[in-house]
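# Sharing a sequence plus its predicted fold:
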Number of protein chains: 2
Amino acid sequence: MIETPYLLFLGDAPDMLAAKVAIGIRDWRPGNAVGQFRLPGCGADLGLTDMTLAQARAAGARTVVIGVANRGGVISHEWKKVLVTALEEGFDLAAGLHNLLRDEPDLRAVAEATGRKLHDVRVPSVKYPIADGKKRTGKRCLAVGTDCSVGKMYTAMAMEREMHAAGMKATFRATGQTGILITGDGVPLDAVIADFMAGSVEWLTPDNDPDHWDLIEGQGSLFHVSFSGVTMALIHGGQPDALILCHEPTRTHMRGLPDYTPPTLEALRDMVLSIARIANPACEVVGVSINTQHMAEDDARAYLAKVEAEMELPATDPYRFGAAPLVAALATI
Amino acid sequence: MIETPYLLFLGDAPDMLAAKVAIGIRDWRPGNAVGQFRLPGCGADLGLTDMTLAQARAAGARTVVIGVANRGGVISHEWKKVLVTALEEGFDLAAGLHNLLRDEPDLRAVAEATGRKLHDVRVPSVKYPIADGKKRTGKRCLAVGTDCSVGKMYTAMAMEREMHAAGMKATFRATGQTGILITGDGVPLDAVIADFMAGSVEWLTPDNDPDHWDLIEGQGSLFHVSFSGVTMALIHGGQPDALILCHEPTRTHMRGLPDYTPPTLEALRDMVLSIARIANPACEVVGVSINTQHMAEDDARAYLAKVEAEMELPATDPYRFGAAPLVAALATI
């Protein structure tokens, strides 16, 4: 769908958290990322080669992917200058912003004049049904977080990689722009009309082989008041058999909500189980995924051991220490 | 905002069930309904004066509201003739149909030529913000149900009337097409894009006087897997101080979901409180609203007494026995 490889556009992202899309592509499809493009003041750095548009073209890049996601998503004047030039130099553009590429008259005009494509992966391309709540065959695992941006997508991606390596049947199911940009398929859940959210998740995770696992990308958090409704629809539409709790221990407040404190893993477990069992009474929490990126390795290992003891569940940082304990835990379902 | 008062268009509605919207306007904003317009064969009668378009204009009506569900999901030729004439005679049109007024080329052309407005209340007309979770001044009450269609809107409307009669400051806040047509304003929450659901509810219930109550119209149910995400956003965007539990005791399965059993009032109370206190730690369940329409009066009174004893909360059927106990319960907040 989207021509690869990519030049990853980081714009003036204030920090690495804002560059979630680009980081995901670098980590899960590294062969697709030939370099990064940054504007003055950019606070994100993927560790890829900084390239001009011309250098990226010479290195084979076909599409400029906007690898940053900011609240409300607006295409600024500074971004626009680069994007127009990219189209003129032969790149397609791909983005998952609320502010659509196709809604910018100048981008649209240049894309039409140059024959280049504008991929807005956030826009639903399917007329989703209203959820019917019927039980489906096959198994489903969902990662849920104490907050937004704590590693839910990474967890599902890492589990898929681990399961494929072990010869298991597993499919990562993208529900956000990052996952869709990486895999080329999925439901842009946060852009779906409210009445059809749960139905779109049912559509994304249909009947499958009894030993097949859908690894559903989580969104938001039940405890994040801006986006909890999206998380709720994901749980009730996905009907997960297995839940993975995701947590970032150094977070002092909910992302973007200075007055809100992240919940404990115990509070998340209790709330998500009571909600998930409405749709699937057999649902269990099987493991914990800790994002230890801001912790020294000894501290991270000690924290994981503490979580394992307190929660009586396997705990790992799938990015740092591997997803094997989480995949093994699926065997209990 | 829709201009009031209205002429209520009943078309060729087969019966009163099809005229739910018009009945709501007559019952809750009688001052908005100057008369009714019926086509030959109409089986609905609101008990209002039958008026021609000219008579309604002379009586001050500004908008023709389509107060019925249309047959087959299309705006028929017979309806169209009346609606075109209405535009030509100076009325705006308002409807909550799936078949949008604006999607009818002839209606659109006449509206443009005459400078009249077409209000499709199912479609959001505002660019809502993402919720910021900030505490607002004033108080908010939300009705939540064990299922969909158990009387949440009616409960809030009845409380508003009772509060106005007592000289209290209260505003019904519509979140569905019926409520929006009744009051002329609101958020069509089930048609809002997922990411903006909670923000639209914050927008709907802004800062207010410390002794003012917003009575927020409920939607869906936390236990209804098709629509629970909408309910969740309503709770976290609304930040209610007070919750009313709504229940219809004769329901044997969730509306439209034959495999799902409605929860107990205790289960609803426990789940909704744990969720609501994320946004407002002071939130309390203050009362229970029982829809007793399928119960004999003695049975209804006995059931209410049982609920009051078991839940240790005031319980009433606001339609049958009045909303006073629920309004009195707000004083505890």
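Yep, that arrived.

# Excluding chain neighbours, give the residue nearest to residue A:31 in space.
Residue nearest to residue A:31 in three dimensions, not counting chain neighbours: residue A:5, with 6.8 Å by Cβ to Cβ, 6 or more residues apart in numbering or on different chains. C-beta: built from backbone N, CA, C; applies to glycine.

# where does the stretch 51-200 of chain A dip in pLDDT?
A:70-73 (pLDDT under 70).

# hang on, the earlier thing: now do the contacts for the residue nearest to residue A:31.
By Cβ atoms under 8 Å, 6 or more residues apart in numbering or on different chains, the contact list for residue A:5 reads A:31, A:32, A:33, A:34, A:60, A:61, A:62, A:63.

# residue contacts, the third one?
Shown here is residue A:33, whose contacts under the criterion Cβ under 8 Å, 6+ apart are A:5, A:6, A:8, A:22, A:25, A:26, A:46, A:48.

# Show the contacting residues for the residue lying closest to it once chain neighbours are set aside.
Among residues not flanking residue A:33 along the chain, residue A:26 sits closest, at 4.9 Å (Cβ to Cβ, 6+ apart). Shown in contact with residue A:26 (Cβ under 8 Å, 6+ apart): A:8, A:33, A:46, A:47, A:48.

# so which of those comes closest to chain B?
Nearest to chain B among the contacts of residue A:26, counting by Cβ to the nearest Cβ, is residue A:8 at 23.4 Å.

# That closest one in helix, strand or coil?
Following DSSP: H, G, I helix; E, B strand; the rest coil, we place residue A:8 in the strand state.

# cool, and the one 5 residues further on?
Under the three-state scheme (three-state DSSP), residue A:13 adopts coil.

# Can you verify my assumption that it contacts residue A:46?
No. Using Cβ atoms under 8 Å as the test, residue A:13 is too far from residue A:46 to be in contact (10.2 Å).

# who's more crowded, these two?
Applying other Cβ atoms under 10 Å in any protein chain shown to residue A:13 and residue A:46 shows that residue A:13 carries more neighbours, namely 24 against 20.

# May I have the helix or strand hosting residue A:26 as PDB, with CA atoms only?
Assigned by DSSP states H and E, residue A:26 belongs to helix A:20-28. The C-alpha trace of helix A:20-28 is given here as PDB (Å, rounded to 0.1, in the frame of the first residue of the first chain):
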ATOM      1  CA  LYS A  20       6.100   7.300  18.700                       C
ATOM      2  CA  VAL A  21       5.300   6.600  15.100                       C
ATOM      3  CA  ALA A  22       8.800   7.000  13.900                       C
ATOM      4  CA  ILE A  23      10.300   4.900  16.700                       C
ATOM      5  CA  GLY A  24       7.800   2.100  16.000                       C
ATOM      6  CA  ILE A  25       8.900   2.000  12.300                       C
ATOM      7  CA  ARG A  26      12.600   2.100  13.200                       C
ATOM      8  CA  ASP A  27      12.200  -0.700  15.700                       C
ATOM      9  CA  TRP A  28       9.800  -3.100  14.000                       C
END
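
# pLDDT averaged over it - what is it?
On average, the pLDDT along helix A:20-28 is 89.

# ok now that helix, how far from the chain's centre?
Relative to its parent chain, helix A:20-28 has a centroid offset of 9 Å by Cα atoms, centre = their mean, to the nearest Å.

# quick one: it to strand A:6-11, angle?
Between helix A:20-28 and strand A:6-11, the angle comes out at 150 degrees (axes from the mean of the first three to the mean of the last three Cα atoms, to 10 degrees).

# Now do the buried residues in helix A:20-28.
By 16 or more other Cβ atoms under 10 Å in any protein chain shown, the buried positions in helix A:20-28 come out as A:20, A:21, A:22, A:23, A:24, A:25, A:26, A:27, A:28.

# for residue A:294, phi and psi?
phi -100, psi 20 (degrees, to the nearest 10).

# Verify the stated contact: it with residue A:250.
Yes. With contact defined as Cβ under 8 Å, residue A:294 counts as touching residue A:250 (4.5 Å).

# got the residues of the stretch 101-250 of chain A near chain B?
A:130-135, A:189-195, A:197-199, A:222-223, A:225-234, A:236-237 (Cβ under 8 Å from any Cβ of the partner chain).

# Emit the ChimeraX select command for whichever of those are buried.
To isolate the buried ones among those in ChimeraX, judged by 16+ other Cβ under 10 Å, type:
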select /A:130,131,133,189,190,191,192,193,194,195,197,198,199,222,223,225,226,227,228,229,230,231,232,233,234,236,237
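
# Kindly confirm my reading that residue A:65 forms part of a helix.
No. Counting by three-state DSSP, residue A:65 is not part of a helix but strand.

# And it, how close does it get to residue A:149?
Residue A:65 sits 19 Å away from residue A:149, going by Cβ to Cβ, to the nearest Å.

# Out of the two, name the residue with the larger neighbour count.
More neighbours surround residue A:65 than the other of residue A:65 and residue A:149, with 29 against 20 (other Cβ under 10 Å).

# Is it correct that the more buried one is in contact with residue A:7?
Yes. With contact defined as Cβ under 8 Å, residue A:65 counts as touching residue A:7 (7.3 Å).

# mind listing the strands for the stretch 201-333 of chain A?
Remark: strands assigned in the stretch 201-333 of chain A by DSSP state E, counting those that start in this stretch are A:212-216, A:242-247, A:284-290, A:315-316.

# now what about the last one, what contacts it?
I take that to be strand A:315-316. Under Cβ under 8 Å, 6+ apart, the answer for strand A:315-316 is A:287-290, A:304-305, A:307-308, A:322-326.

# If you rank the contacts of residue A:5 by neighbours, which is first?
Counting neighbours by other Cβ under 10 Å, residue A:61 comes out on top of the contacts of residue A:5 with 26 neighbours.
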